[in-house]
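> got a sequence here, can you model it:
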Amino acid sequence: MIRAARGEWTKLRTLVSTAWLLLALAAFTAGLSALGAWSLDGRGCTGPADCDPDLTRFSLIGVYAGQVAALVLGALAATAEYATGTIHPTLMANPRRPIVLAAKATVVTGLVLGAGLLGVLGSVLAGRFLLPGKGFTPAHGYPLLSLTDGLTLRAAAGTVLYLALIALFALGAGLALRDTATTLTTVLALLFVAPMVAPFLSDPAWQRHLAQVVPTAGLAVQTTKRLAELPIAPWAGLGVLAAWAAAALVAGTARFLLRDA
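Now for the predicted structure:
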């Protein structure tokens, strides 16, 4: 397993796109989150009784951009070898396909967790320093963002896990579809197009049900206020995304094990 993981790390490290995608993941997550925090204006608020936005969630909004880099990395880890034909020497060097698959998943998860952690820490720091300047001060009843707060810690840690699960979802889809464009189109549609359908459903119950089953239900983990209004609980939402990732990996594993490269 260690040898296989080292091989997968070498392949990803030598791809120019890998470094750029990891940089984009961290930078876009932190940068857009900082923009989200900066865009809030609470200088006319007298306190939470007057206006009470979910400051933690606004400070982590950059995940919407960061997840694109995560899914592209996950997809390329699976499809790039099929596009170049290097999957054949990979399997000749290590014919134990389950080990190869486990190594791919391990390396991709580790890289995304690392970059995601940097992006999320940057997001929380940006919110901590920018929000007071926008009127959200402790004097007005708005505590500074801190990972010592249980809800903020859950939102931050959950966001890092969300990014890793998105990458695994794309990895599984890439192994199943074996084509980069098809994989990216499919995963992006599920992440961005499917949730946009909900407002067009006339029945509120169906809107709620759709929000509970799409992969982006995992973003509920970022919510720290008015939890009762969510269509799905925070950790349950992340569980929905984990189920999508597991299903994609099962489908990808089945094709990887049963079909020729």
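
> number of residues surrounding the residue nearest to residue 170 when sequence neighbours are not counted?
Nearest non-adjacent residue to residue 170, counting by CB to CB, 6 or more residues apart in numbering: residue 74, 3.4 Å away. The C-beta positions use only the backbone N, C-alpha and C, and glycine is treated the same way. By the measure other CB atoms under 10 Å, the count of residues near residue 74 is 34.

> what ranges in the stretch 151-261 of the chain fall below the confidence cut-off?
202, 259-261 (pLDDT under 70).

> also the stretch 1-150 of the chain?
1-13, 46, 49, 84-95.

> please enumerate the helices of it.
2-13, 16-39, 55-58, 63-84, 87-93, 97-130, 150-177 (DSSP state H, counting those that start in this stretch).

> counting contacts, what elements does the shortest one pack onto?
If I follow you right, that is helix 55-58. In terms of contacts (3 or more CB pairs under 8 Å, 6 or more residues apart in numbering; DSSP states H and E), helix 55-58 is packed against helix 16-39, helix 97-130, helix 150-177.

> any chance of those helices in CSV, with mean neighbour count and distance to residue 200 too?
Formatted as CSV, the helices and strands packed on helix 55-58 follow (neighbours: other CB atoms under 10 Å; distance: least, CB to CB, whole Å):
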stretch, mean neighbour count, distance to residue 200
helix 16-39, 19, 26
helix 97-130, 21, 31
helix 150-177, 24, 25
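
> excluding its backbone neighbours, what's nearest the residue most central in space within the chain?
Taking CA atoms, centre = their mean, the centroid of the chain lies closest to residue 163, which sits 2.3 Å from it. In this structure, residue 163 finds its nearest non-sequential neighbour in residue 116, 3.9 Å apart by CB to CB, 6+ apart.

> likewise for residue 171?
Residue 171 sits nearest to residue 74 (CB to CB, 6+ apart), 4.1 Å away.

> which ones are touching the residue nearest to residue 170?
Applying CB atoms under 8 Å, 6 or more residues apart in numbering, we find residue 74 in contact with 108, 112, 166-171, 174.

> 10 Å instead?
21, 104-105, 108-109, 111-112, 163-175, 183, 187, 245, 248 (CB atoms under 10 Å, 6 or more residues apart in numbering).

> could you do residue 30 as well?
60, 62, 65-66, 118-126.

> for those, which one is nearest residue 32?
Distance to residue 32 across the contacts of residue 30 (CB to CB) is lowest for residue 62, with 3.5 Å.

> thought residue 162 was touching the closest one, still the case?
No. In this structure residue 62 lies outside contact range of residue 162 using CB atoms under 10 Å: 11.9 Å.

> what do those two both touch?
Contacts common to residue 62 and residue 162, judged by CB under 10 Å, 6+ apart, are residue 120.

> returning to that earlier point: distance to residue 225 added to the helices of the stretch 1-150 of the chain, as CSV?
Output for the helices of the stretch 1-150 of the chain, formatted as CSV (distance: least, CB to CB, whole Å):
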stretch, distance to residue 225
helix 2-13, 39
helix 16-39, 15
helix 55-58, 8
helix 63-84, 17
helix 87-93, 47
helix 97-130, 14
helix 150-177, 8
